Each structure stands twice: as structure tokens, then as C-alpha cells.
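>>> Everything below, folded, please.
(one chain, ligands or ions: 1)
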Amino acid sequence: MDTPLPDYLTEVLDTCGGDDGGELAAYIPELAEADPDRLALALCMLDGVVYAVGDTDARFSIQSISKPFAYALALADHGLDAVVEKVGVEPSGEAFNEISLEVGSGRPFNPMINAGAITVHSLLDDERVRAGFSAFAGRDLEVDEEILGSELETADRNYAIAYMLRNHGVIDADPRAAVAGYVRQCSYLVGVEDLAVMAATLANGGVQPVTGERVVERWVARQALSVMTTCGMYDAAGDWFTSVGIPAKSGVSGGLIGALPGKGGFSAFSPRLDGHGNSVRGVQVFERLSSDMGMHVL
Ligand code: DON
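Predicted coordinates:
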């Protein structure tokens, strides 16, 4: 590519910026207030150089993009066998907020859907999540208490999931406390640069490329990326992998990350979502990057 990288990234945003399709995530009242037009893109190379263009000052809640990082922390603390005993690694083929539990055991299908993420969160405490997420980002992250409060007012689906999990003995905690902790995990404020660096840490085998800190072991990063590959885009995971071809994770506030192992971390932010809960313009940005930069891993 002859064009300087920042100019190229700006051009990608300009070409994807015209699409006003999709809807804000109205089921969380605070997210329905977001500016739908904001659009940003960032890229973190494994030498720690970060490029960011568009609305790079936008701060938004991490939402489901927290899930692979919480999963990584749980794997690091408890080991693979103990975590897999609680949460599987198979795609559910269903929406993120379905009660997708294995018949009989009640084990959630994977850690990327809400049932799996609530279970993973029950293996951690709030301080471990705060410190761990901050290590991935390379700066102290903070919770947006208003978003947290807003989501808890309308969290009936997640409460239902948590009650089912306790009914099956998958979690021991009080279901309401389990959901409060999980929603807190989803309410950390980030920008596209944070997300690109966090994704790059997984792409770099667990070493944060800016701070140089080993945040998790290599096998943990590989396990988190593997589950992102098969389950990170929910019931659009097949479409995503065939068209973009890298491990990824989306969130309902409009964030999207992709990790290209051994190469770098990518992120996009645009709040309007498609029917799967994935950012419409974020997906377009990644499709364009993948085709121009030959990112598809196959
Ligand atoms: O639990 C929820 O519904 C939200 N806190 C997170 C969902 C989410 O981000 C799904 N991703 N696209």
C-alpha cells in the first residue's frame, strides 16, 4: 500500500461513514441516548505504535467486548479445566441474550453469550476485573455508573439467565449480585485506542505491546482468541469469519475489536447495530480493512 496509513484509515472511514442503517441499542436506556453518527477506527501494531482516526475522543461502555478479557482472566486464575467445566466452547447459533444452556447440565454453550459471561464473571471479583482490564488497556479504566444503573433497571433477561444458572448449580452466587457484577464489567468506559491495544495484547500472545507487561500467558490468549473466532460475533459468526476472517468481538454500544495473531489489534466504533447486535459501520470498516490488507487468516 503506497498511501500513508493514517490517510488510508481516514479514507476507509469516509467511505463507510455514509451508511446510516441500523438502530441504537434501545434496551439499555442510556445507550439509546448515544450520538448515532460517531465513527472511529484504531489500529495497534505489535511494536506498540497506535494509529487512530475519526471520533477518537468518543468514550463508550465496553459491553460484550469485555467478555473475552474476563474469560482470559478467569482462565489465568483457575486454569482451563476448571473454566471449561463451567462454560463450554461451542457456538450457540443463537442471539447473545438467549438462555443457551446445554440440556441436562445447564452449562452455558460459550463465554461470549450472556449466560457464559455471567458464569465467567462469577469466577472473578470486581477488583480483579478492574485491575485486569486496566492492564490489558495500559491505563486505569473506570466504570460509567450511569450506564451501569441504567442497564440494571432493564436487566430482566440477564436476571432470568442468572436464575437459570443457579437453578442448575452452575453459579452459587445470588443471581441478582451475579448480574450486578457482570453488568459492572460491561460498563467500563473505553475509546477506540484502548480497544485496539487490548485486542493487540491478545494478538501478541498476552504481552501488552505498549507497556511490555505480560498480562496473561500465551495459552490463555490463544484460548480467548479461539472462542472469539467461533463465537465472538454470535449468530453472525459464520458470515463474519468467511468475509473478514479474524477473531473478533462486538458490543452493543457499537464497539468492535479484531485481533490478527502476530500482526496487531484493530477496533472500530459506531453505535448503530444490525439485528445480531453488531455495529453496522464497524462491520463494514472491518470488511474493507480485511480485503485491502489481506487480513483473512486463511
Ligand atoms: O448483557 C447485555 O445485554 C449487555 N451488557 C452486553 C451485550 C452486548 O454487548 C452484546 N453484544 N453485541
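>>> Could you list the residues of the protein in contact with the ligand?
63-64, 96-97, 114, 151, 158, 183, 186, 250-252, 277 (Cβ under 6 Å from any ligand atom). C-beta: built from backbone N, CA, C; applies to glycine.
>>> make it 5 Å
63, 64, 96, 114, 186, 250, 251, 252, 277 (Cβ under 5 Å from any ligand atom).
>>> quick one, what contacts the fourth one?
Under the criterion of Cβ atoms under 8 Å, 6 or more residues apart in numbering, the neighbours of residue 114 are 96, 97, 157, 158, 161, 182.
>>> could you redo the last one with a cut-off of 10 Å?
Neighbouring residues of residue 114 by Cβ atoms under 10 Å, 6 or more residues apart in numbering: 64, 67, 95-100, 108, 155, 157-158, 161-162, 179, 182, 186.
>>> From those, list just the buried residues.
Using 16 or more other Cβ atoms under 10 Å as the burial test, those include 64, 67, 96-100, 108, 155, 158, 161-162, 179, 182, 186 as buried.
>>> Report the separation between residue 103 and the ligand.
Going from residue 103 to the ligand by Cβ to the nearest ligand atom, to the nearest Å gives 23 Å.
>>> what's the burial count for that residue?
Other residues within reach of residue 103, judged by other Cβ atoms under 10 Å, total 6.
>>> Which residue comes closest to residue 32 once chain neighbours are left out?
Distances taken as Cβ to Cβ, 6 or more residues apart in numbering place residue 26 nearest to residue 32, at 4.5 Å, with adjacent residues excluded.
>>> Identify the residues contacting the one you found.
By Cβ under 10 Å, 6+ apart, residue 26 lies in contact with 32, 33, 154, 252, 273.
>>> Which two of those have the greatest separation?
When Cβ to Cβ is used, the two most widely separated members of the contacts of residue 26 are 154 and 273, lying 16.2 Å apart.
>>> Excluding sequence neighbours, find me the nearest residue to the spatially most central residue of the chain.
The centroid of the chain falls nearest to residue 65 when counting by Cα atoms, centre = their mean (1.5 Å). Spatially, and ignoring its direct neighbours in sequence, residue 65 is nearest to residue 251 (4.3 Å; Cβ to Cβ, 6+ apart).
>>> coming back round to it: out of the buried ones among the contacts of residue 114, which one sits closest to residue 289?
Nearest member of these to residue 289, counting by Cβ to Cβ, is residue 64, at 20.8 Å.
>>> Spit out the contact partners of the closest residue in space to that closest one that isn't next to it in sequence.
Nearest residue to residue 64, sequence neighbours excluded (Cβ to Cβ, 6+ apart): residue 251, at 4.4 Å. Neighbouring residues of residue 251 by Cβ under 10 Å, 6+ apart: 25, 31, 60-67, 96, 186, 190, 195, 257, 269, 273, 277-279, 282.
>>> Apply 7 Å and report the result again.
Neighbour list for residue 251: 62, 63, 64, 65 [criterion: Cβ atoms under 7 Å, 6 or more residues apart in numbering].
>>> what's the farthest-apart pair in those?
Pairwise distances across these (Cβ to Cβ) peak at 8.1 Å, for the pair 62 and 64.
>>> list residues touching both of those two?
Joint contacts of residue 62 and residue 64 (Cβ under 7 Å, 6+ apart) are 186, 251.
>>> mind listing the strands in the stretch 1-150 of the chain by residue range?
Assigned by DSSP state E, counting those that start in this stretch, the strands in the stretch 1-150 of the chain fall at 40-45, 50-54, 60-61.
>>> That concludes my questions; thank you for your assistance.
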